[in-house]
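Participant: next come a sequence and a model predicted from it.
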Amino acid sequence: MSKQGGQRQGKSAPNGGRKAYKNNSGKDNTGINNANSKGKKAAQPKKGAISDEIRLNKYIANSGVCSRRDADVHIATGLVSVNGKVVVEMGYKVKIDDEVRYDGARITPEKKAYVLLNKPKGFATTTSEHKGRTVMDLVANATPSRIKPIGRLGRNSTGLLLFTNDAKVVSRFTSSNKGVERLFHLELDSNLKLDDLKKIRDGIRIEGKLITVEEIDYVNDKKNEIGIKIKNTGNTVLHTIFDYFKHELVRIDCVQIAHLTKKDIPRGNWKILTEQEVQMLMMM
């Protein structure tokens, strides 16, 4: 690991990091020690003492919403739900993987983490363990928090990919009203006509659907290299646009996400976002 701007920057984990990823996903990130090493206990009802469960009020307190005492009040007044059902029972226990919501918003007791990866070719953007090499292998040692990628880059696409467990940041990216801008450097198999570039800039209707981009232009006056800025979280829209104009995408590289760039992040490496970078994401 090298230091970068006071933050850790890492490379892909040894042997693809698969083993490390499995171990991380199994941790109890609330800091509660599992009791499995002391021998298994018989199955108990929800209120029983099970090693991978914690009290709901502690789960809420660990998420940063409020103190345990205040959490009891919120539970009693019906502001908390677990897996879609309102819970008002004191002492109720939940598992780390349960979906807990406070006043409608999902919460997690894990520390919020924000990891920016410069993705190389050959890695699928998925959390599945049955897709060969994935981006999760590359960030396996970045944080004990269970982060997931926001949006997608194709297996052979390269560039920036943001990971987090912060639902608020994910919501900003996936919002249909706002979204977050991503800048791509594309290489086409042939030159894009100026008239076609202008059509894309003005918005085009494909199969009855209007497709718009934030910006588009040639890169260094090369008509087969395109800079294009979109707010979509995936890159399917890029294929849709250029397939329409009979061009094949030879290279797709995400060079910027909002204010975040690839500066000082070599291909295949990641960095933890600084507090200032996170705050700027929150303000978008």
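Facilitator: Ah, there it is. Residues are numbered from 1 along each chain as shown.

Participant: all contacts plus neighbour counts: C-alpha atoms, from now on.
Facilitator: Noted.

Participant: pLDDT weak spots in the stretch 101-250 of the chain?
Facilitator: Along the stretch 101-250 of the chain, the model assigns pLDDT under 70 to residues 176-177.

Participant: can you give me the strands in it?
Facilitator: 105-107, 114-119, 148-149, 158-164, 182-188, 204-206, 209-211, 215-219, 222-230, 249-257 (DSSP state E, counting those that start in this stretch).

Participant: flag every buried residue along the first one.
Facilitator: So the one you mean is strand 105-107. Residues residue 107 are the ones in strand 105-107 that count as buried (16 or more other Cα atoms under 10 Å).

Participant: got it, and the last one?
Facilitator: Neighbour counts over strand 249-257 (16+ other Cα under 10 Å) mark 249, 252, 253, 254, 255, 256, 257 as buried.

Participant: tell me the pLDDT of the fifth one.
Facilitator: Going back to what we said before, that points to residue 255. As predicted, residue 255 sits at a pLDDT of 97.

Participant: any idea how far residue 127 lies from residue 219?
Facilitator: 33 Å (Cα to Cα, to the nearest Å).

Participant: returning to what we had before: any chance of the strands of the stretch 101-250 of the chain in CSV, with distance to residue 170 too?
Facilitator: CSV is the format used below for those (distance: least, Cα to Cα, whole Å):
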stretch, distance to residue 170
strand 105-107, 12
strand 114-119, 11
strand 148-149, 9
strand 158-164, 8
strand 182-188, 14
strand 204-206, 28
strand 209-211, 22
strand 215-219, 23
strand 222-230, 16
strand 249-257, 13
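
Participant: which stretches of the stretch 1-150 of the chain form helices?
Facilitator: 18-25, 56-62, 68-76, 135-138 (DSSP state H, counting those that start in this stretch).
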